[in-house]
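>>> Predicted model, plus sequence, below.
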Amino acid sequence: MEEMISAEPPVAEAVAGSDGLAQLTDEVRRCHAAGEPISVVGCGTSEHGARAIAAQLDDAFGHRGVRPVGRQALEAAIDPSPGGLCIGISHDGATHATRLALDAAREAGATTALITASPQGPMLAAADLVVVTPTQDRSWCHTVGYSSPLVVGAVIAGSVADRPVDPAVLRAHLDDCLQVRQSAAEIAANLAGVEHLVVVGGGYDRISADEFVLKVEEGLHLPSAARDLETFLHGHLPACDERTGLVIFATEHRGRPRRTDRGRLLLRAARRVGMPCAAIMVPAVESVWGRELTNAGRIMLPHAARLLPTTSALCASAMALQLLTLELVHARGTYPDLIRREQEAWRDAAAITEGDNVW
């Protein structure tokens, strides 16, 4: 996992030149101009990558017209959108639910596309368009498996918005993001003893919150939950105390003043019941949230002005949440790469959930 995170800046630069990107970009443009639906689907980390792609495309289109959506693959298979474009994300090219979603989309008249790191995967037959990213994740606690499709979305969104992504600029942005590791280590030390973790984010920060919870539960085996910013203020605090850690993402640029004010109240309430609180944030929020409210630490993310706001924030948040997971792994002494399948019960459980594709 650590090696994969360190490799992400050069991998991102390489992803930006992947074969098939131009054709997929053309189809995205065509669908949006025609008012046809664009859905991006996946499971697990790939679902979060799908939602991140949809958020970037929505930003590129100015939040106008038929808005791209990110969906969980099984739900998309059960209830496909008619026509348009369905983009599947499957890092290994073999995710059964995502294959079902692409098959259902094709039957409903959609053009299908696949973003994968596996040039030989069985899902290629389900896709009219294919983008193969260059690096397969060597850890099952996926990091490159999240950032690679995110970068594919960045390139497409940048082209659509007439702000083409310079791969060197993207690589430099991710290199800058690697520098937050010391801040991540400080937060990890302060959260090492918690028994439960709550992660909060509004807007596209909710995507980062969901991905962070997945990394924490895969890599640390620590029960965690993601909540929308406003939702957490309505009934969830009674289950929290000094044994419950809080991490809040604050990068979403839309409605920032209101989100920042609500986040400050959330932090005040959380601190009152004893929760150790940390933030992954942009500098614009720093002056509003005093350090006493983020007593477990804060990660300040760099901004890349030449990228779309959504791209800059989601890429930076991805690096930060991965580095924080890694530092928590070191602090708690767990082994993330096999997501607990080195232990018999969890290995058997995985076989149960992954062994039956007759559905």
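Nice, I can see it.

>>> What residues does the nearest residue to Gln72 once chain neighbours are set aside make contact with?
Once flanking residues are discounted, Gln72 sits nearest to Glu47: 5.3 Å by C-beta to C-beta, 6 or more residues apart in numbering. C-betas here are computed from N, CA, C, even on glycine. For Glu47, the contacting residues are Val41, Gly70, Arg71, Gln72, Ala73, Ile89, by C-beta atoms under 8 Å, 6 or more residues apart in numbering.

>>> can those residues go into JSON lines with extra columns for secondary structure, distance to Ile115 and neighbour count?
Shown next, in JSON lines, are these (DSSP: H, G, I helix; E, B strand; the rest coil; distance: C-beta to C-beta, whole Å; neighbours: other C-beta atoms under 10 Å):
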{"residue": "Val41", "secondary structure": "strand", "distance to Ile115": "11", "neighbour count": "34"}
{"residue": "Gly70", "secondary structure": "strand", "distance to Ile115": "12", "neighbour count": "25"}
{"residue": "Arg71", "secondary structure": "strand", "distance to Ile115": "14", "neighbour count": "21"}
{"residue": "Gln72", "secondary structure": "strand", "distance to Ile115": "16", "neighbour count": "19"}
{"residue": "Ala73", "secondary structure": "helix", "distance to Ile115": "13", "neighbour count": "28"}
{"residue": "Ile89", "secondary structure": "strand", "distance to Ile115": "5", "neighbour count": "34"}
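
>>> of these, closest to Pro9?
Nearest to Pro9 among the contacts of Glu47, counting by C-beta to C-beta, is Ile89 at 20.9 Å.

>>> pretty sure that closest one contacts Ala50?
Yes: contact criterion C-beta atoms under 8 Å: Ile89 and Ala50 qualify, at 4.9 Å.

>>> Which neighbours do these two have in common?
With C-beta under 8 Å, 6+ apart as the test, Ile89 and Ala50 both reach Val40, Val41, Gly42, Pro149.

>>> Include distance to Phe61 when you put the residues you listed into a markdown table, please.
Output for the shared contacts of Ile89 and Ala50, formatted as a markdown table (distance: C-beta to C-beta, whole Å):
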| residue | distance to Phe61 |
| --- | --- |
| Val40 | 14 |
| Val41 | 19 |
| Gly42 | 21 |
| Pro149 | 19 |
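
>>> Quick check: of those, which has the highest neighbour count?
In terms of neighbour count, Val41 stands highest of the shared contacts of Ile89 and Ala50 at 34 neighbours, by other C-beta atoms under 10 Å.

>>> mind checking how far that one is from Val160?
Computed as C-beta to C-beta, to the nearest Å, the Val41 to Val160 distance reads 19 Å.

>>> Over to Gly202?
For Gly202 relative to Val160 (C-beta to C-beta), the value is 25 Å.

>>> so where is this protein shaky, pLDDT-wise?
Counting by pLDDT under 70, the chain shows low-confidence ranges at 356-359.

>>> change it to 90
19, 121, 286-288, 290-291, 353-359 (pLDDT under 90).

>>> quick one, longest helix in it?
Counting residues, the longest helix found in the chain (DSSP state H) is helix 309-332.

>>> which residues touch the following helix or strand past it?
Using DSSP states H and E, the helix or strand that follows helix 309-332 in sequence is helix 344-354. Outside helix 344-354, the residues that touch it by C-beta under 8 Å, 6+ apart are Ile339, Arg340, Arg341.

>>> mind redoing it with 7 Å?
Contact with helix 344-354 is made by Arg340, Arg341, as judged by C-beta atoms under 7 Å, 6 or more residues apart in numbering.

>>> I'd like the numbering to begin with 68 instead of 1 from here.
Yes, from this point I'll number from 68; that puts the last item at helix 411-421.

>>> Leu300 against Leu334, yeah?
No: contact criterion C-beta atoms under 7 Å: Leu300 and Leu334 do not qualify, at 10.9 Å.

>>> So between the two, which is more surrounded?
Leu334 (24 against 17).

>>> Now the more buried one: which helix or strand?
helix 323-339.

>>> residues in contact with Arg230?
By C-beta under 7 Å, 6+ apart, the contact set of Arg230 is Leu375.

>>> secondary structure class for it?
coil (DSSP: H, G, I helix; E, B strand; the rest coil).

>>> From Ser379, how far off is it?
11 Å.

>>> likewise Val78?
18 Å.

>>> Ok, Met68 next?
24 Å.

>>> How many residues are close by the closest residue to Glu284 other than its chain neighbours?
With C-beta to C-beta, 6+ apart as the criterion, Glu284 has its nearest non-adjacent residue at 5.5 Å, and that residue is Ser291. A count of nearby residues for Ser291, using other C-beta under 10 Å, gives 20.
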